[in-house]
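Chemist: mind looking at a prediction? Sequence and model below.
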Amino acid sequence: MSKHGRILVAMSGGVDSSVAAVMLHEQGYEVIGLTMKTWDYATSGINSKETGCCSLDSINDARTLAVNYGFPHYILDIRDEFGDFVIDNFVDEYLAGRTPNPCVLCNTHIKWEALLKRANKLDCEFIATGHYANVRQLTDTKRHVISKGKDENKDQSYVLWGVSQENLARTKFPLGSFSKADIRQMALDMGQEELAKKSESYEICFVPDNDYRAFLKHKVEDLESRVDGGNFINSQGMIIGKHKGYPFYTIGQRKGLGVAFGEPMFVTQILPESNSVMLGRADELEKKEAFVKNINLIKYENILQPLSNVVTKIRYKDAGMLSTIVEQNNQIKVVFDHNVSAIAPGQSAVFYEENDLLGGGFLV
């Protein structure tokens, strides 16, 4: 009988999830490792070398570690669910003129649900991942709250805003109080030198070489010919050039426009109905307000009264901006203390009260 009960650990084969599994094993949990196969290039028809969490090498690395430490390991094929939900959404969002957030959808709608479903079958009380974040339960409201990980450079709370209270109640983040350097040192102390040296991938797992434009062209038949030759327009609606198709541009983009204007110009709006891309100066990207839909609140059940001194992040590596937020008509209205630049519809807006994650949603 284990000291702390049975726990299912998501193992990608990388240093973070591997150390998390060993850490829990040594703490006395009955660990079961699970690697999820979400994607492979072979079935997609894309000719590229597999890398990252879905590669055969990564799966073998996870299994080998589990065998060496004497706990079971399983592989779960969720390519169908992943493709139907995450990849279809990714394509649909770009075709709608928005910038998608596939890692958020994958975490909250695919990986957590798949983990808990398998955890139930294996009689696991908890699940764990190698995310750099923390979770605790409040004594008064009994709500489960995510807070930032100790390592500000590695904090991953931003991509976890969609996890439900029910799922958080069974989730553990063993790495939350450690830095990345700590984890690499632990891997060395375990005698896992190759694991400790593993590089990190910041690419979307299903987009080879981080080239989302090539991915869209592969997934959508005749896309290039259908959208090529649309108009660049200015804020007055005047045509100022031709572009290669609205799905291939993102809000805030300056490089790669293919047209010289004599001054720096940025993508300020994408208009799919007319295959138009609006360009403007840097100041035309700035806004004081934003609206956020598909809300998931974590720390509080609702925010019906304006809540000030909230730090709102509008992209993963964003430092965040002080703001006031309030729920209005099933959305959250954000009023920033100062203008922010390049608010991209489809990206996540995530709200923080000091280190605590209040919740988040998708920018309208």
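Modeler: Sure, I can see it.
Chemist: domain-wise, how is the protein divided?
Modeler: 6-130+174-203, 221-280, 285-363 (automatic domain parsing).
Chemist: among these, which is nearest residue 161?
Modeler: domain 285-363 (3.1 Å; C-beta to C-beta). Glycine gets a C-beta too; all of them are placed from N, C-alpha and C.
Chemist: can you give me the end-to-end span of the closest one?
Modeler: Its start and end residues considered, domain 285-363 measures 15 Å (C-alpha to C-alpha, to the nearest Å).
Chemist: for stretch 316-327, same thing?
Modeler: End-to-end distance (C-alpha to C-alpha), stretch 316-327: 23 Å.
Chemist: any idea of the pLDDT on residue 199?
Modeler: Looking at residue 199, its pLDDT reads 82.
Chemist: helix, strand, or coil at it?
Modeler: coil (DSSP: H, G, I helix; E, B strand; the rest coil).
Chemist: quick one: buried residues of stretch 333-345?
Modeler: By neighbour count on 16 or more other C-beta atoms under 10 Å, the buried set for stretch 333-345 is 333, 334, 336, 340, 342, 343, 344, 345.
Chemist: oh sorry, the question was meant for stretch 271-279
Modeler: 272, 275, 276, 277, 278, 279.
Chemist: cool, and stretch 286-302?
Modeler: Quick answer for stretch 286-302 (16+ other C-beta under 10 Å): 290, 291, 292, 295, 297, 298, 299, 300.
Chemist: list the contacts of the third one.
Modeler: Read that as residue 292. 331, 332, 333, 334, 349, 360, 361, 362, 363, 364 (C-beta atoms under 8 Å, 6 or more residues apart in numbering).
Chemist: change it to 6 Å
Modeler: 332, 349, 361, 363 (C-beta atoms under 6 Å, 6 or more residues apart in numbering).
Chemist: picking up where we left off before, and which of the buried residues of stretch 333-345 is nearest to residue 215?
Modeler: residue 344 (18.2 Å).
Chemist: model confidence for the closest one, exactly?
Modeler: You'll see residue 344 listed with a pLDDT of 97.
Chemist: residue 169 too?
Modeler: Value for residue 169, per-residue pLDDT: 97.
Chemist: identify the residue nearest it in space, chain neighbours excluded?
Modeler: residue 144 (5.4 Å; C-beta to C-beta, 6 or more residues apart in numbering).
Chemist: the one you found: how many residues sit nearby?
Modeler: By the measure other C-beta atoms under 10 Å, the count of residues near residue 144 is 20.
Chemist: and it, bridged to which residues?
Modeler: residue 137 (DSSP bridges).
Chemist: same question for residue 276.
Modeler: What pairs with residue 276, by the bridge criterion (DSSP bridges), is residue 231, residue 271.
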